[in-house]
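In: what follows is a predicted protein model with its sequence.
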Amino acid sequence: MNVIDLSVGQLGLAATLVIALAASTWALRLEMGRTVLVGALRTVVQLSLIGVVLEALFAVAALPWIALMALVMLLMAGREVNARQKYRLAGGWGFGIGTLSMFISAFSVTVLTLVAVVQPAPWYEPQYAIPLLGMMLGNTMTGVALGLDRLTDAVWRQRALIENRLMLGARWQEAVGDARRDAMRSGLIPIVNSMAAAGIVSLPGMMTGQILAGAAPAVAVKYQILIMFTITVGTGFGTMAAVMAASRRLFDERERLRLDRLATRSR
C-alpha cells in the first residue's frame, strides 16, 4: 500500500485553519474560540498518546495488555455517559448502569465479530480488536448517553403525569412506558441516520481511512457494512439495557416514583 505520510508542517497548515475558525468565533462574539482551541489541543495530545500506546500494544500483542486497554476505554466511556446527563442517577448508579450496558453490548458484539466473522489469528489481534472495540464503544456511548438523558429528563418533566398513573393503579412499567420508549428511540436515531446516509451523503470514517491507506474500495465497503451492522446491534441493545435498568431504578419495591434518586448536574 502506498500511503502518503504527513509532515509536521502539513499538519501545522491544517492547524492554522482551526486557529482561523477560533478567531472568527471570537470576532463574532460566539464565546467558542477557547473551546475550539482547547478541543484541538486535546485532539493532538490524546491522539499522539494513543498512537504511542497502540504501537507498543501492537508490538507486544499480549491478551492481558489488550484487556487492560479495553477496560480503560470502557471506564472512560462510562464516565462520559454519566457526564452528559442533565439529571443523572445518584450514588454512582448512572456510571454503573451506563458502563455495564456498554460492557454487555459493545464487548459481546466485538468478541462475537472477531471470533465468528473476521477471525484473525489470534482472535484478540490488536490491529483488529482495538479499532473495532473503539468504534463500538464510541457509538454505543452516544446511544446510551442520549437514551439515559432523555429518560431522566422526561421523568422529571412528567412526574405529575407518572404519579397520577400510579395512583390510578398502573404498574410502574405502564406509568413510565411512554418516556422509556421515547428514550430508546432517541438513542437509536443517530446510528439509524448514519446507516441511511452512508454512501449517499457521507463516506463513513473507517471506509475513508481504508481507502486512504490504499485498500481496494470493494474491501473497504465490505468492512464498513460489517462495522455499521455491528455498531447498530451494539448501540441498540446497549441503549435498551441502559434505559430499562435506569427506569427500574427510578421506582422502589412499592412502585413509588423516586425522584430523590436523581441528581442534577452541577454547572
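Out: Okay, I see it. Numbering: from 1, shown residues only.
In: quick one: mean pLDDT over stretch 158-171.
Out: Stretch 158-171 carries an average pLDDT of 94.
In: now swap in stretch 109-122 and tell me
Out: When pLDDT is averaged along stretch 109-122, the result is 92.
In: in it, which residues are buried?
Out: Within stretch 109-122, the residues scored as buried using 16 or more other CB atoms under 10 Å are 109-110, 113-114. C-betas here are computed from N, CA, C, even on glycine.
In: would JSON lines of the residues you listed with distance to R34 be doable?
Out: Output for the buried residues of stretch 109-122, formatted as JSON lines (distance: CB to CB, whole Å):
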{"residue": "V109", "distance to R34": "38"}
{"residue": "T110", "distance to R34": "36"}
{"residue": "T113", "distance to R34": "40"}
{"residue": "L114", "distance to R34": "41"}
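In: so which of the residues you listed is the closest to P126?
Out: Nearest to P126 among those: L114, at 10.9 Å, using CB to CB.
In: the closest residue in space to the closest one that isn't next to it in sequence: what secondary structure?
Out: Leaving aside its sequence neighbours, L114 sits nearest to W123 (CB to CB, 6 or more residues apart in numbering; 5.0 Å). State at W123, reduced to three classes by DSSP: H, G, I helix; E, B strand; the rest coil: coil.
In: surely W123 meets V115?
Out: Yes - when contacts are counted by CB atoms under 8 Å, W123 is listed as touching V115 (5.2 Å).
In: ok, the residue nearest to L114 - contacts?
Out: 111, 114-115, 129 (CB atoms under 8 Å, 6 or more residues apart in numbering).
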